[in-house]
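1. Predicted model follows, preceded by the sequence.
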Amino acid sequence: MAEEERGISRRKLIGYGWLAATAVIVGELIGGTLAYLWPKIKEKPGEKILIAGKIDDFQVGKVVLFRKEKVFINRMAEGFMAMSAICTHLRCVVRWTEPREVFECPCHGAKFNPVGEVLEGPPPRPMDLYPIEIVEDKIVVDINKPIQRKSYHRSQLVSA
Ligand code: FES
């Protein structure tokens, strides 16, 4: 009888151990996910802001995609540009093809140059822009409403 009681309490102890380990793992998963998502977007009613990172996080000549927000940030020698990754034809998500230095749309074969101008395909206008502000050496992008444009102009760049 005494051994049986000891066996049961050992089993319970192991059960509590598994329960505690499971709680730690679930807590880590939830906490990690929230920590990953939380700092990217600060959203108030009617306001969506992407804090993309520090100026020095972006290399000149490189394009960075913020997948969740569907925003490309392109740092050129003259400044920064934030563009919507949504194709201006029928709203597919375009991708940056670094070796060819073009944005390509997988749906109908459109191509855009690094400043978002249409090179080929059916889109009626360049890729849409998002306003950028540099606040204390951070790139802050207003992703409330993309700005449509007819062409690229150097004034669309924001210098650091
Ligand atoms: S949706 Fe991009 S080319 Fe048609």
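-> That came through, no problem.
2. Point out where the protein drops to low pLDDT.
-> Low-confidence regions of the chain, defined here as pLDDT under 70, cover residues 1-8, 34-46.
3. The same query, at a cut-off of 50, please.
-> Confidence mapping of the chain against pLDDT under 50 gives the ranges 1, 3.
4. List the contacts of Ala52.
-> Applying C-beta atoms under 8 Å, 6 or more residues apart in numbering to Ala52 gives the contacts Phe58, Val64, Phe66, Val71, Ile73, Ala82, Lys138, Ile139, Val140, Val141. Any C-beta I mention is one placed from the backbone N, CA and C, and that applies to glycine too.
5. Asp56 too?
-> Contact criterion C-beta under 8 Å, 6+ apart gives Asp137 as the residues in contact with Asp56.
6. That one and Ala160: what is the separation?
-> 9 Å (C-beta to C-beta, to the nearest Å).
7. repeat for Gly32
-> Computed with C-beta to C-beta, the distance linking Gly32 and Ala160 is 32 Å.
8. now swap in Leu29 and tell me
-> Taking C-beta to C-beta as the measure, Leu29 and Ala160 are separated by 37 Å.
9. try His153
-> From His153 to Ala160 the distance is 19 Å (C-beta to C-beta).
10. neighbour count winner among those two?
-> For His153 versus Ala160, neighbours defined as other C-beta atoms under 10 Å are more numerous around Ala160 (13 against 9).
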